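Peer 1: next one to model:
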Amino acid sequence: MAITRLTDIITVFDSKWTYGDVKFGYDGEVNQDHDTQYPLMLVNPPESIMPVVYDGREEYSFEINFYNLYSQAAQSVVTLQKRWDNLQDLSNEWLDMVLKNYQDVTVEAYLNDESIEIERIKDTKNDKLVQIKLVFTMSAFTKCFRPVSSYPSDFADLKVWLRADSGVTFDIPTKRVSAWSDSSGTNNNMAQSNAANQPLREGYGGQNDKAYFSFDGVNDNLISDSNSPITTNFTIFEVSKMNEVTGNVFGWRNGISSIAIGINSDGSFNTKVSDGDTTLSTNNISYNLGENHIGILKKEGKTINSEYYDSLNTITKTDTSVDFDSAFLFNTAQFNIGYSGSAEYLSGQIQEVIVYNRALSSAEIADVRGYLNLKYKIY
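Peer 2: Numbers count the residues shown, from 1 in each chain. This is a model prediction of the structure:
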């Protein structure tokens, strides 16, 4: 199988840009109706070259523009260069995902060597925007590129991948989030139909100026559309900021059995797993309220391991009990984001949640954590 139509390439481009709106058209059409959800990717119709002696290869010269807002109000909290850098990060991640799509030997396309040009443009089009222009040549039907970045989807048994910059359904004027699509490929999506309980989605201004969800600590939460995909062992990653005590980033509960990642009444970071009779808990991880961090909870058999990373601290805790039921299943109820399942709503921000239905190895955990730290610059 080979790519034979421009439509095939544009369909892949469109599917991999999950951070905002995407448009196939011309620069002058950017936000004509002032209803764009940023960041915006604009794919200009490409030029292409078919060799005189046809050898099954066509070269497309793409110019792709990426836009994000940069209002005067934003200048007090984030620098212009940071907004540009983060827009470039999204464009780089998008291109990596496009190229990963063509790793399959049955689909052949590659990026021509040294064909990429990046240009930064300011104060453009119909809004106060920052812009990145990405120019490259893609050759269909001949394959030589291999991307090197690691993403959560590179590891087996990924069941939930929620990103504040991707797959979000929200009302543009109020910023209220009604649905959050799972990027793992298993459709473990989140939703909240009650407007009063919907968190707010900000497209920038979080850790490293990335997108985030804001939870009010009163009743904001998102609930999975279906039961938890976790069975006996699991690994959960989260990137968040907790502003008040007794809040939870991730919660699952069925009766008195539970999973929770959050903060105790004494202000310490805490993870808990209960089979209903025995509770494994990692208390006393010192936490500064309002500190962005990466939290990791891994359960394997009768043991849990917790890792916590912020700009100053790296803390690891373990708890184990011979009485814990290692065969206990955690797939008998829905799971929650921003809520424990019975109380303890989060006051703070969430940027990413990743769940695997197995205990990852130390090397795999380090790779996923590395992806998160590269993206959010936590430590």
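Peer 1: CA atoms for contacts and neighbours, from now on please.
Peer 2: OK.
Peer 1: go through the helix or strand hosting residue 371 and flag the buried ones.
Peer 2: Element membership for residue 371 (DSSP states H and E) is helix 362-376. Under the neighbour-count criterion of 16 or more other CA atoms under 10 Å, helix 362-376 has 365, 367, 368, 369, 371, 372, 373, 375, 376 buried.
Peer 1: which strands and helices lie in contact with it?
Peer 2: strand 293-300 (3 or more CA pairs under 8 Å, 6 or more residues apart in numbering; DSSP states H and E).
Peer 1: thinking again about what came up before, and the helix holding residue 371, how far from the chain's centre?
Peer 2: Put simply, helix 362-376 sits 13 Å off its chain's centre (CA atoms, centre = their mean, to the nearest Å).
Peer 1: which residues touch that helix?
Peer 2: 89, 150, 151, 152, 155, 207, 208, 210, 237, 239, 294, 379 (CA atoms under 8 Å, 6 or more residues apart in numbering).
Peer 1: got a pLDDT number for the residue nearest to the fourth one when sequence neighbours are not counted?
Peer 2: Right, the one you point to is residue 152. Nearest non-adjacent residue to residue 152, counting by CA to CA, 6 or more residues apart in numbering: residue 368, 5.9 Å away. For residue 368, the model assigns a pLDDT of 97.
Peer 1: just the helices in the stretch 201-350 of the chain please.
Peer 2: For the stretch 201-350 of the chain, applying DSSP state H, counting those that start in this stretch gives no helices.
Peer 1: give the rounded mean pLDDT of stretch 330-340.
Peer 2: The pLDDT scores in stretch 330-340 average 97.
Peer 1: and the end-to-end length of it?
Peer 2: In stretch 330-340, first residue to last residue: 14 Å (CA to CA, to the nearest Å).
Peer 1: list the buried ones in it?
Peer 2: Applying a neighbour-count criterion of 16+ other CA under 10 Å, one finds 330, 331, 333, 334, 335, 336, 337, 338, 339, 340 buried in stretch 330-340.
Peer 1: again with stretch 268-281
Peer 2: 268, 269, 270, 271, 272, 273, 274, 275, 279, 280, 281.
Peer 1: what does stretch 94-104 give?
Peer 2: Going by 16+ other CA under 10 Å, stretch 94-104 has these buried residues: 94, 95, 96, 97, 98, 99, 102, 103.
Peer 1: and which of those residues is nearest residue 197?
Peer 2: residue 94 (31.7 Å; CA to CA).
Peer 1: mean confidence for the helix or strand containing that closest one?
Peer 2: Element membership of residue 94, judged by DSSP H and E, is helix 80-101. Averaging pLDDT along helix 80-101 yields 87.
Peer 1: now it - C-alpha only, CSV.
Peer 2: Extracted as CSV, the C-alpha positions of helix 80-101 are listed here (Å, rounded to 0.1, in the frame of the first residue of the first chain):
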residue,chain,number,x,y,z
LEU,A,80,6.3,36.3,24.2
GLN,A,81,9.2,33.9,23.6
LYS,A,82,7.6,31.3,26.0
ARG,A,83,4.3,31.5,24.0
TRP,A,84,6.3,30.9,20.8
ASP,A,85,8.3,28.1,22.3
ASN,A,86,5.2,26.3,23.4
LEU,A,87,3.6,26.7,20.0
GLN,A,88,6.7,25.2,18.5
ASP,A,89,6.6,22.3,20.9
LEU,A,90,3.0,21.5,19.8
SER,A,91,4.1,21.7,16.1
ASN,A,92,7.1,19.4,16.7
GLU,A,93,4.9,16.9,18.6
TRP,A,94,2.3,17.0,15.8
LEU,A,95,5.0,16.3,13.2
ASP,A,96,6.4,13.5,15.2
MET,A,97,3.0,11.9,15.5
VAL,A,98,2.5,12.3,11.7
LEU,A,99,5.8,10.6,11.0
LYS,A,100,5.1,7.8,13.5
ASN,A,101,1.9,7.1,11.5
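Peer 1: that one packs against which elements?
Peer 2: helix 6-16, strand 58-69, strand 129-140.
Peer 1: show me the domain layout of this structure.
Peer 2: Listed domain ranges for the chain are 6-140, 152-376 (source: automatic domain parsing).
Peer 1: deepest of those, which one?
Peer 2: Of all these, domain 152-376 has the most neighbours on average by mean count of other CA atoms under 10 Å, namely a mean of 20.
Peer 1: endpoints of that one, how far apart?
Peer 2: OK, domain 152-376 end separation, CA to CA: 15 Å.
Peer 1: and that domain, how far out from the chain middle?
Peer 2: The answer for domain 152-376 is 12 Å, by CA atoms, centre = their mean.
Peer 1: need the contact list for the most centrally placed residue in the chain.
Peer 2: Taking CA atoms, centre = their mean, the centroid of the chain lies closest to residue 163, which sits 2.6 Å from it. Taking CA under 8 Å, 6+ apart, we find residue 163 in contact with 183, 351, 352, 353.
Peer 1: just flag the most distant two among these.
Peer 2: Most distant of these, by CA to CA, are 183 and 351, 13.7 Å apart.
Peer 1: reformat the helices and strands packed on helix 80-101 into JSON lines and put mean pLDDT and distance to residue 220 next to each item.
Peer 2: JSON lines is the format used below for those (pLDDT from 0 to 100; distance: least, CA to CA, whole Å):
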{"stretch": "helix 6-16", "mean pLDDT": "87", "distance to residue 220": "29"}
{"stretch": "strand 58-69", "mean pLDDT": "85", "distance to residue 220": "27"}
{"stretch": "strand 129-140", "mean pLDDT": "78", "distance to residue 220": "31"}
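Peer 1: any chance of the ones you listed in JSON lines, with distance to residue 244 too?
Peer 2: What follows is those, written out as JSON lines (distance: least, CA to CA, whole Å):
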{"stretch": "helix 6-16", "distance to residue 244": "36"}
{"stretch": "strand 58-69", "distance to residue 244": "30"}
{"stretch": "strand 129-140", "distance to residue 244": "34"}
